[in-house]
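> requesting a structural model of the entry that follows:
(chains A, B, C and D)
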2 protein chains.
Amino acid sequence: MTKKVREQFKNQLKAKQLKQTKPREIITDEIMSTKAGDHFTADDLWDRLRKKKKNISKATVYRTLNLLTQEKMIEEHDFGRGQSYYERMVERPHHDHIICVLCGKISEFHNEEIEKIQTNIAKKEKFTVYYHSHKLFGSCSKCSKKGA
Amino acid sequence: MTKKVREQFKNQLKAKQLKQTKPREIITDEIMSTKAGDHFTADDLWDRLRKKKKNISKATVYRTLNLLTQEKMIEEHDFGRGQSYYERMVERPHHDHIICVLCGKISEFHNEEIEKIQTNIAKKEKFTVYYHSHKLFGSCSKCSKKGA
DNA sequence: CTGTCTGCAAATCTTTTGCACCTAC
DNA sequence: GTAGGTGCAAAAGATTTGCAGACAG
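So this is what the prediction gives:
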C-alpha cells in the first residue's frame, strides 16, 4: 500500500506545486503504516518518530498534519480532550465515532439511513455539506459494568 | 422566567452544598436572558457583563460556565473555531447544528428518526449515551450564491 | 467560624509563526 | 537560482490554577 500512497501523495503535491521532502515522506509513511482505526495526536506521532530516530521538529509535524488533512489523506477529530486526534483516511470508508468518556475507548459506526436524512435536511436549507461530525459520548459496556 | 430559573439554580447549588453568590447570580441572569439559539463564548459573555459595569473576572466567568454546564443549564459546543461556544439549555429542546464555515451562521436541526437510529446503534453495543454531538459543516445558501 | 468563592496574575497546553538557513525542482 | 520547507525558539490564544483575601451559610 505505502508505495501506491506515496505515489498518490507525490502527485497531489506536484499538482499544487508543493515539494516532496524527506520529512513529508517520513511522516506520510509513518501515518500510512498505522492500522485502520488508529487515532493519534500530533504529539503521539512526533514521539513515535523520535523513537525511531527520525528527528523531525514538532512544527513540521503540525504543518504536515495540516497539509495531509487538506489533501484528505487524514481526518482531524475533536474528541473533547483538548487536542486534535488524527486518523488515516486512505483506504478507509467514512465513519462516525462512539467515545467512552471513562476509558477513552473509541469505536465506530456508519449508518446509511442517517446519512440520507442528513442530506435531505441540508437540501431543505439549500446548505452544501462539506463534511460532518457525528459523535456519541458516554460509557462503554465494560465501564458501565465496573461503575454499576 | 428568570425568577423560576434562579430558584431552580439555587436549589441545585444547595443540593451540592455550593454557595449562591453575587457573581453566579449575575452570570446566570445574563445567560438566561439571552434569546433562544444564541451562541456565545466566554469572552463574549465577559464583555457583555463588563459593558453593563458588572465587573466579574474572567476566571470566575470560566468557572461559572463550567458549573452551569455540569448543571445542564447550558451546553458547550465546539464549532471548530478554537474556542468553546455556549448556549442556554433551560427551556430549550435538544437540537443539533448546521455551521456555515464561510460566514459563521449557525442554524439548527432536530430529527427524531436520526435519534432513534442512534439509540439503536448504542444499544447494539451496550453503550450508554450521555450526550451526543451532530454537526454539519459547509456553506449556507447565501454564501454558496456569492461563491458561485 | 469555616469551607467556598473570587480576583489577580501566573501557569499551562496545544498549535502557530517569524526568521535564518536549507533544499527540491 | 528561487520558491517553498524546516528547525528553533518565541508567540499566541484559550482555559486553568495557586494563593491571599472575601464572604455565604
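> distance check, the residue nearest the centre of chain A against residue B:100.
The residue lying closest to the centre of chain A (C-alpha atoms, centre = their mean) is residue A:87, at 2.3 Å. Separation of residue A:87 from residue B:100 (C-beta to C-beta, to the nearest Å): 25 Å. Just so you know, the C-beta spots here come from the backbone N, C-alpha and C atoms, and that holds for glycine as well.
> again with residue A:85
Residue A:85 is 25 Å from residue B:100, by C-beta to C-beta.
> which of those two has more neighbours?
residue B:100 (21 against 18; other C-beta atoms under 10 Å in any protein chain shown).
> chain A against DNA strand D: which residues are in contact?
Residues of chain A lying near DNA strand D by C-beta under 7 Å from any atom of the strand: A:17-19, A:21-24, A:55-60, A:63-64.
> of those residues, closest to residue B:7?
Residue B:7 has its nearest neighbour among the residues of chain A next to DNA strand D in residue A:58, at 50.7 Å by C-beta to C-beta.
> verify the stated contact: that closest one with residue A:47.
No: assessed by C-beta atoms under 8 Å, residue A:58 is found out of contact with residue A:47, at 9.9 Å.
> and the strand with the most length in chain A, what's buried?
Longest strand in chain A by number of residues (criterion: DSSP state E): strand A:128-139. Residues of strand A:128-139 classed as buried: A:128-129, A:132-139 (neighbour count, 16 or more other C-beta atoms under 10 Å in any protein chain shown).
> the closest residue in space to residue A:69 that isn't next to it in sequence bridge partners, please.
Using C-beta to C-beta, 6 or more residues apart in numbering or on different chains and skipping the chain neighbours, the partner closest in space to residue A:69 is residue A:76 (5.2 Å). Beta-bridge partners of residue A:76, counted by DSSP bridges, are residue A:86.
> how far away is residue A:76 from residue B:8?
When distance is defined by C-beta to C-beta, residue A:76 is 38 Å away from residue B:8.
> which parts of chain A are strands?
A:74-78, A:84-88, A:96-100, A:106-109, A:128-139.
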